[in-house]
Structures are given as C-alpha cells and as structure tokens.
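> Okay, sequence plus prediction incoming.
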Amino acid sequence: MNTASQDNVFTTADLTERQEKLNKTLLFMIKLLAAGAVFHLILNIYPDTTTLQIALAQQVDAVLSTIGLNLQQEGIYLISEKARYYITQDCLGWKSMAMFTGLVFAGSAKFRNHLKYVFGGIILIYLANIVRVVSTIYLAEAGIISFGVIHGFLWKWGLTALVLVMWITWFNYAEIEEEAHVLEREIKKAYKDISENR
C-alpha cells in the first residue's frame with residue numbers, strides 16, 4: 001500500500017517542458033505581486049524623505065556648479081533667476097530602484113545569491129537619476145527643451161527603459177550563471193563518483 005501511494009507522488013521531474021514554463025511564469029507573477037504589495041505599502045506609509053531630498057539637491061547643485069550653472073540651494077529647492085526647482089520625493093529615483101529590485105526578486109530562485117546585482121543596479125540607477133535631474137534643470141535653464149517635455153516624457157520613460165534593459169541583461173546573465181553552477185555541481189559529483197570507484 002505504501003509503495004502504491006509513493007508511486008502516485010507527483011514531482012517536478014514529471015512536468016513537461018511547457019508545464020515547467022507555466023509553473024515558472026506563475027511563480028514569477030506571484031513573487032512580482034508580493035513585491036508590488038510591499039511597494040504599495042511603502043507608498044501608503046509615505047515616509048519622510050526630506051533629508052534624502054536635501055542631500056540630492058546638494059549633489060545636483062554641486063554637479064550644476066561644475067558645468068557652469070550656479071543656482072542657489074535652499075533645503076529641497078534649487079533657485080535660479082528663471083525658476084524655483086523643487087526636489088520632490090519622486091526625484092530620488094526610489095521607484096525605479098524598487099522596480100529593479102522587485103523584478104530581480106521575482107526572477108530569481110534564490111534572491112540572496114543576486115544581492116550584488118541588486119546593489120550594483122541601485123547604484124547605476126542612482127547615478128542615472130542624478131544625470132536625469134541635472135540634465136532636466138540644465139536644459140530647462142538653457143531653454144533648449146521645455147521642463148515639461150524633459151521631466152514628464154524623456155526622463156520618465158528613459159529611466160523606465162534603463163531599468164528594463166538592466167533587468168533583461170541581469171536575467172540573461174543569471175540564467176547563464178545558473179547553468180554554469182549546475183554544470184559545476186555535475187562535474188564535482190562525477191569526479192567524486194570516479195574517485196570513490198577507484
């Protein structure tokens with residue numbers, strides 16, 4: 001009786017290739033929804049980020065000064081003769097960082113193994129975000145492109161595109177890396193078996 005019940009046990013080895021892909025997709029979607037729930041929880045808490053906004057305003061002001069545009073920084077404001085720029089919570093780029101982290105979390109079997117990529121990605125997004133804010137103010141001050149077009153379209157979609165390219169790059173690399181780890185484990189196992197049979 002035990003043998004019959006053990007024969008009926010379903011394992012992932014019994015899955016067809018198509019079922020395996022559907023299973024991975026379902027797991028990805030569940031994990032992505034969980035990451036989205038955490039993201040919405042943070043949005044609802046609405047933490048005070050004034051200190052981070054001031055720090056970003058100082059960094060942006062320093063970069064603008066080095067490229068010849070001198071503004072007056074007062075807290076979270078950057079003031080010129082033409083306009084008063086307000087460094088909002090969204091200017092921190094934290095949503096793009098959260099999106100990248102959530103995508104890596106959803107796409108990885110063991111998230112801890114990919115933390116170095118998450119941290120590297122966050123640093124890259126942070127630097128791209130500084131370029132985003134600096135270029136938005138610089139181009140608006142120069143009158144080359146209107147602030148609304150730069151801020152609302154070019155960089156909003158530009159940062160989203162960067163996150164997606166980074167995630168696709170990570171996903172392809174992580175898949176190759178995982179295959180290499182599997183191959184390495186198989187080689188070690190085969191070597192151990194040969195050593196024991198001598």
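Structure's in. What do you need?
> Can you tell me how far residue 57 is from residue 145?
22 Å (Cβ to Cβ, to the nearest Å). Any C-beta I mention is one placed from the backbone N, CA and C, and that applies to glycine too.
> which residues touch residue 162?
96, 124, 125, 128 (Cβ atoms under 8 Å, 6 or more residues apart in numbering).
> I'd like to know which of these is nearest to residue 23.
Closest approach between the contacts of residue 162 and residue 23, by Cβ to Cβ: residue 96, at 29.4 Å.
> can you confirm that closest one is in a helix?
Yes - membership of residue 96 in a helix is supported by DSSP: H, G, I helix; E, B strand; the rest coil.
> That one against residue 161, yeah?
No - here residue 96 does not reach residue 161: they are 10.4 Å apart, not a contact under Cβ atoms under 8 Å.
> and the two? which has more neighbours close in?
residue 96 (23 against 10; other Cβ atoms under 10 Å).
> pLDDT wise, what is that one at?
For residue 96, the pLDDT comes out at 91.
> Would you mind measuring from it to residue 128?
8 Å.
> Need the overlap of contacts for these two.
159, 162.
> Please, where are all the helices along this structure?
Under the criterion DSSP state H, the chain contains helices at 2-7, 17-45, 50-66, 94-107, 115-142, 147-149, 155-196.
> Dump those into CSV; add distance to residue 82 as well.
Converted to CSV, the helices of the chain look like this (distance: least, Cβ to Cβ, whole Å):
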stretch, distance to residue 82
helix 2-7, 77
helix 17-45, 32
helix 50-66, 13
helix 94-107, 28
helix 115-142, 6
helix 147-149, 10
helix 155-196, 19
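> Residue 47: neighbour count?
Count around residue 47 with other Cβ under 10 Å applied: 10.
> and if you look at residue 109?
Around residue 109 there are 10 residues (other Cβ under 10 Å).
> Residue 60 versus residue 94, what's the distance?
16 Å.
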